[in-house]
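In: generate coordinates for the sequence data below:
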Amino acid sequence: MRVRKAGRTGRPGTPAMNLRDLVMITVSGQIAHPIGRASPYRIGHDGVPRVLPGSGGIVISHRIGDRCVGLAGDHVEPGVSLHNNKREIVGKKNAPNLALITYACVGNTAEVMNGPCKGKKGLVTGKHGGVAHLMIDFPTSVLRRLRIGDGIQINAHGLGLRFIGHPRVSVFSCAPGLIRRWGIRSVRQRIEVPVTHRIPASIMGSGIGKSSAVRGDFDIQLFDPDIRRRYKLGSLRFGDFVAILHSDTRFGRAYRRGMVTIGVIVHSDSTVSGHGPGVMTLLTGPLPFLRPVRDRNANLAAIYRIRSLLPARAYRPLVRTKMMRKQMRYDI
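Out: Here you go, the predicted model:
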C-alpha cells in the first residue's frame, strides 16, 4: 500500500498540514427559528428606529457570494442558521451547542438528516457570536424545501489544524479542504493568502475583547463614509476572505501593530452602533509571516465552485451618513 506523505495535498505551494493528527467527530443541530426581541425596533447609529429581519431561520434570498451591505436587514445570516437546542445534565445546559460551534469548521460538509431534503449536502460557511449560530449554505432549491427544526449533521474536521513549518501562523476553524482550495501558498518563511479586502483594525467593533476566536466573529463598522470608500467596504460580500491589519486574535481579539487576522464574512451589515458585517477568524500571525494578497474572487462561493460571482459593486448602508454629516455641521 502506498502511504501519502504528511499533509501536502491540494494546489502547488499549499502549506503542509498536520493531517494525521486531526480528529474527525460528528456534531449536529437543528435549523434555528429567527430570533425576536422584546421590542421590534433596532435604534440605528443615526437615531432612527427600524424594524428589520435579523439572525436565524432559512434565508432564501441571500447566499455566500451575494452582497452583505445595504440590505433591509440587520445581522442577516445567509443560507441556514443552525443551533443545537438539546440540554445537557452535566456541565453547562447549552454544552451541545457550544460543542457544535467549537468543533465545526468552515469547509466541512453538512448533511440533512430528516424531512423532505433528507440526504442533501451543504457547506459550513461561518459562526456568529452572541446568538451562537452556525451557518450552512445549500442550493436555493434546497433552501426553499427545508423546514425550521430539521436536523443537520456535520463531520467536524479541522480543529487543531496547524501548518508544518510555519509555527508563527495560527489556524482557527479551517477544514483541511478549505486550505487546499483557497489558493494559500507557502513561500519560503511566509504564507500568502488571497483576500478581497484589507481592513484597518481601528474600525473593528462588536466582538473585540472576547477570550477566544474559535467561536463567533467581530464586526466591521461602516459608519464613516470616507473610510468606507477608501477601503471599498461597500462591496463586501457574504463569504469574502478579508484581512484585518494590526489585529491579533491568537488568544482573543485585540489591536496589535504588526499582526494580521484573516477571516471570512459571515453575516450582514447592521445599523446599530459598533456593529457591521461580521468577520470570523481563520488565520492570524505576524505580517512578515502571513501576507494577504488581493484577489477579487477570494470568496467561498468561488473557491468551492458553488456559484459564479457577480462583479463587485459598492452599496451604501441603510444609515444615511450624508444626512448625519449635515447635522454635525449645524451642531458645530
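In: going forward, measure contacts between C-alpha atoms and count neighbours the same way
Out: Fine.
In: helix or strand for the most centrally placed residue in the chain, just tell me which one.
Out: Residue closest to the average C-alpha location in the chain (CA atoms, centre = their mean): Val266, at 3.2 Å. In this structure, Val266 sits in strand 254-267 according to DSSP states H and E.
In: so which other helices or strands are in contact with that strand?
Out: Strand 254-267 sits against strand 121-128, strand 241-248, strand 278-286, with contacts defined as 3 or more CA pairs under 8 Å, 6 or more residues apart in numbering; DSSP states H and E.
In: residue ranges of the strands in the stretch 1-150 of the chain, please?
Out: With DSSP state E, counting those that start in this stretch as the criterion, the stretch 1-150 of the chain has strands at 25-31, 42-43, 49-50, 58-59, 79-83, 109-112, 121-128, 133-137.
In: contacting residues around the last one?
Out: Spelled out, it's strand 133-137. Residues outside strand 133-137 that contact it (CA atoms under 8 Å, 6 or more residues apart in numbering) are 56, 63-64, 77-83, 100-101, 110, 122-128, 266.
In: neighbouring strands for that strand, and are they parallel or not?
Out: Using DSSP bridges, strand 133-137 pairs in its sheet with strand 79-83 (antiparallel), strand 121-128 (antiparallel).
In: restrict the shortest one to CA atoms and write it as PDB.
Out: Right, the one you point to is strand 79-83. Output in PDB follows, covering the C-alpha atoms of strand 79-83 (Å, rounded to 0.1, in the frame of the first residue of the first chain):
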ATOM      1  CA  GLY A  79     -28.400  30.300   4.000                       C
ATOM      2  CA  VAL A  80     -29.300  28.200   7.000                       C
ATOM      3  CA  SER A  81     -28.700  29.100  10.700                       C
ATOM      4  CA  LEU A  82     -28.000  26.100  12.900                       C
ATOM      5  CA  HIS A  83     -28.400  25.700  16.700                       C
END
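In: from the rest of the structure, what touches that strand?
Out: Contacts of strand 79-83 (CA under 8 Å, 6+ apart): 29-32, 55-60, 62-64, 97, 100, 132-138, 143, 152.
In: before we move on, back to that, including distance to Leu233, could the strands of the stretch 1-150 of the chain go into a markdown table?
Out: Shown next, in a markdown table, are the strands of the stretch 1-150 of the chain (distance: least, CA to CA, whole Å):
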| stretch | distance to Leu233 |
| --- | --- |
| strand 25-31 | 30 |
| strand 42-43 | 22 |
| strand 49-50 | 23 |
| strand 58-59 | 23 |
| strand 79-83 | 22 |
| strand 109-112 | 29 |
| strand 121-128 | 19 |
| strand 133-137 | 22 |
